[in-house]
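A.B. asks: quick one, structure for this:
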Amino acid sequence: MARKRRKGKEIKRRLLHKYRLVILNESTFEEKMSFKLSRLNVFVSGSIVILGLTGLTYLLIAFTPLREWIPGYESTQMRRQASDLTYKADSLEQRIAYTNQYLDTIRRVLRGEVAIVDFDPDSLKSQFQAPDLSNIDLKPSREDLDLRRQVDEEDKYSIFELSDKSKAVALFSPLSGSITQEFDLLKKHYAIDIAAKSKSPVKAVADGTVIFAEWTAETGYVLIVEHNDDFTSVYKHNGSLTKSQGDVVRAGEVIATVGNTGELTTGPHLHFELWKRGKAVNPKNFIDFK
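C.D. replies: So this is what the prediction gives:
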């Protein structure tokens, strides 16, 4: 026990023992400065300096732009930029996919490689038989008349009804002339050929937007118009085009002139195609050619 006490006193004596640190002039040995130190003072002072440098380093890293120079450190701004770039990349991928699909559809329209839908309105009549209404009293009641009158008054100011009517598509004949070749599925002729004099005006069958207006080797000057209700009209072998891609056209407006351009033609005529939801349909089922 006595030895432990002596050992503890010896350690305490060494820690509190005073030392003198003297700074001398090397040439003249003149004393310039002196300090009284102990081992305990040196230890405490060194710990305070280390803690101060550690705190200062933390503040510099946490609250100054110097942290961005540390390898592996990601700033908030860099993470935000990376997130924005990722979002833009995803958007560009979607746009590219949509554009490729759109161009593929246009390419198939020009080549006539899309499935065909031959719609005959008269075929629907044979599927339904009108009921016998001779023994049924069809006179409306007073309450029914009042309700109809009320609904008619409200529909005069219906925004939805006006918007639906504004989107309706009325199709007109694109050209006055004689039909030289009909729509034929067996021969893969998905259009109607209308012969007319060269430079005769070709008109839009309905309101729409021009989505293609270019020259092709096989069908000459081609113009494609996109309409409401998923209709698309195609005009081939034109002599010239009066509209460009992106132009908005009205029903009956002149969009081209009759010509004899392209390799697959034997005379001045209009090769007219009509598409519904990406599938070719017989134009005669929707247009009255006179």
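A.B. asks: quick one, what contacts R20?
C.D. replies: With contact taken as CB atoms under 8 Å, 6 or more residues apart in numbering, R20 is in contact with 34-37. For every residue, glycine as well, the C-beta is placed using N, CA and C.
A.B. asks: residue boundaries of the strands in the stretch 101-250 of the chain?
C.D. replies: Remark: strands assigned in the stretch 101-250 of the chain by DSSP state E, counting those that start in this stretch are 178-181, 192-195, 201-203, 208-216, 220-226, 231-241, 248-249.
A.B. asks: closest one to F43 among the ones you listed?
C.D. replies: Proximity to F43 (CB to CB) singles out strand 208-216 among the strands of the stretch 101-250 of the chain, at 83.8 Å.
A.B. asks: the closest one versus strand 231-241: what angle between them?
C.D. replies: 50 degrees (axes from the mean of the first three to the mean of the last three CA atoms, to 10 degrees).
A.B. asks: show me the domain layout of the chain.
C.D. replies: Following automatic domain parsing, the chain resolves into domains at 2-63, 178-285.
A.B. asks: still on that earlier bit, in strands only, show me the contacts of R20.
C.D. replies: 34-37 (DSSP state E).
A.B. asks: for these, which one is nearest L185?
C.D. replies: L37 (107.7 Å).
A.B. asks: check contacts around the closest one.
C.D. replies: 18-21.
A.B. asks: if we use 10 Å, what do you get?
C.D. replies: 17-21, 45 (CB atoms under 10 Å, 6 or more residues apart in numbering).
A.B. asks: residues near D207, how many?
C.D. replies: Using other CB atoms under 10 Å, the number of residues around D207 comes to 19.
A.B. asks: got the contact list for S45?
C.D. replies: Taking CB under 10 Å, 6+ apart, one finds L37 in contact with S45.
A.B. asks: report how many residues lie close to L59.
C.D. replies: 10.
A.B. asks: please confirm that it is located within a strand.
C.D. replies: No: if the criterion is DSSP: H, G, I helix; E, B strand; the rest coil, then L59 is helix and not within a strand.
A.B. asks: just the pLDDT for the residue nearest to the spatial centre of the chain.
C.D. replies: Geometric centre of the chain, nearest residue: R95, 4.6 Å, by CA atoms, centre = their mean. At R95, the model reports a pLDDT of 83.
A.B. asks: what helix or strand is it on?
C.D. replies: Using DSSP states H and E, R95 sits within helix 76-111.
A.B. asks: now that helix: buried residues?
C.D. replies: 106, 109-110 (16 or more other CB atoms under 10 Å).
A.B. asks: if we can go back for a sec, and the domains of the chain: which comes nearest R80?
C.D. replies: Closest among those, once you apply CB to CB, is domain 2-63, at 18.7 Å.
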